[in-house]
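**Student:** How does the following fold in three dimensions:
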Amino acid sequence: MKYANMFDLKGKVALVVGGTGGLGKDMALGLAEYGADVVVASRNPAKGHDVVEQILRLGRQAWAAQVDILNEQSVRRLVDEIIAKTGHIDILVNAAGTQIWQKAEEYTSENWDAVMDMNLKGTFLVCREVGREMIRQGGGKIISISSVRSMLGYPENYTAYCASKGGLNMYTKCLAAEWAKYNINVNAIAPTFIETPLTRGMLSDKKTCNALLNRIPLKRLGRPEDLVGALIYFASPASDFITGQILFCDGGVTSTQ
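**Tutor:** Prediction:
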């Protein structure tokens, strides 16, 4: 059987940054179900104990780790900790992100910097430190979470978020081109609105929610589990010849606009 194991992640170590968030939990669990050992990293590792327990029950190794992705020393300590315990990092998932709703003409410098730092600078710092280890070990897979808002603007309150995710797309492509010679694949998943704590307030408004649904050909919002298939594809040998791509998991939004 030539293709039976093309999604197998056994023996791989995955680092999920933002692994306690609305998307990160499902991604961490999905990686474990396909055989990976998983480090669930966030600012508050106590929030990761539940998903770690689920992973351990699957027979995989896992632990919750603390990291501040805007602090270079904190990122370096995390990477050193993982290398000391496992010897390698094969998969990096950048799932940490934020959004601050504010009109463009009122957007403060502080809020702009907060969104840009979390969504773009933090990803850069983690990729740089993990990438050094992947170069040393001869390869790896990096998957970041972008958004349809990296390609499509939004009528109100989204300028910083859209700009940060557009920057993330280009960072993904440039990193893929530069690190291809090291056998490192770098891709991104770009969902439409996903039902998570980050979007719950916005989606609770019926008018806003209906407007979003009318733009989605599949006529439903995304769920965290909708991204897991794309993640496993990018993390596994199935995507060994795929790099620098942005996969829009959006229910068809970008097919109509």
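
**Student:** what's the residue closest to the geometric middle of the chain?
**Tutor:** residue 95 (3.0 Å; Cα atoms, centre = their mean).

**Student:** check contacts around that residue.
**Tutor:** 16-19, 21, 23-24, 27, 145 (Cβ atoms under 8 Å, 6 or more residues apart in numbering). Quick note: C-beta positions are derived from backbone N, CA and C, even for glycine.

**Student:** phi, psi of it?
**Tutor:** phi -110, psi 0 (degrees, to the nearest 10).

**Student:** Report pLDDT for it.
**Tutor:** Model confidence at residue 95, given as pLDDT, is 96.

**Student:** again with residue 202
**Tutor:** pLDDT, residue 202: 71.

**Student:** what about the strands in the protein?
**Tutor:** 13-17, 37-42, 62-66, 91-94, 140-145, 184-191, 246-249 (DSSP state E).

**Student:** before we move on, back to that, weed out the non-buried ones from the contacts of residue 95.
**Tutor:** 16-19, 21, 23-24, 27, 145 (16 or more other Cβ atoms under 10 Å).

**Student:** just these: which has the poorest pLDDT?
**Tutor:** Per-residue pLDDT puts residue 21 lowest of those, at 88.

**Student:** where's the nearest residue in space to residue 140 that is not next to it in sequence relative to residue 60, distance?
**Tutor:** Leaving aside its chain neighbours, residue 140 sits nearest to residue 134 (3.4 Å; criterion: Cβ to Cβ, 6 or more residues apart in numbering). Using Cβ to Cβ, to the nearest Å, residue 134 is found at 21 Å from residue 60.

**Student:** Which one's more surrounded, the two?
**Tutor:** Neighbour totals were compared for residue 134 and residue 60, and residue 134 leads with 24 against 21 (other Cβ atoms under 10 Å).

**Student:** From what I see, the more buried one and residue 175 are in contact.
**Tutor:** No - assessed by Cβ atoms under 8 Å, residue 134 is found out of contact with residue 175, at 11.0 Å.

**Student:** quick one on the thing from earlier: tabulate the strands of the chain in TSV, adding columns for distance to residue 152.
**Tutor:** Below are the strands of the chain laid out as TSV (distance: least, Cβ to Cβ, whole Å):
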stretch	distance to residue 152
strand 13-17	25
strand 37-42	29
strand 62-66	35
strand 91-94	21
strand 140-145	16
strand 184-191	10
strand 246-249	10
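
**Student:** Show me the one of those that comes nearest residue 221.
**Tutor:** Of all the strands of the chain, strand 184-191 sits nearest to residue 221, with 9.8 Å by Cβ to Cβ.

**Student:** relative to strand 140-145, how tilted is that closest one?
**Tutor:** 20 degrees (axes from the mean of the first three to the mean of the last three Cα atoms, to 10 degrees).

**Student:** Who are the packing partners of strand 184-191?
**Tutor:** Under the contact definition 3 or more Cβ pairs under 8 Å, 6 or more residues apart in numbering; DSSP states H and E, strand 184-191 sits against helix 122-137, strand 140-145, helix 159-179, helix 228-235, strand 246-249.

**Student:** so which of those comes closest to residue 104?
**Tutor:** Here helix 159-179 is closest among the helices and strands packed on strand 184-191 (Cβ to Cβ), at 4.6 Å.

**Student:** tell me the mean pLDDT for the closest one?
**Tutor:** 97.

**Student:** what sits up against that helix?
**Tutor:** 99-100, 102, 104, 107, 111-112, 115-116, 118-120, 123-124, 127, 131, 134-135, 142, 144, 146-147, 149-151, 153-154, 185-188, 190, 243-246.

**Student:** 7 Å instead?
**Tutor:** 99-100, 104, 107, 111-112, 115-116, 119-120, 123-124, 127, 131, 144, 146-147, 149-150, 153-154, 186-188, 243-244, 246 (Cβ atoms under 7 Å, 6 or more residues apart in numbering).

**Student:** Distance of residue 1 relative to residue 8?
**Tutor:** Taking Cβ to Cβ, one finds residue 1 at 12 Å from residue 8.
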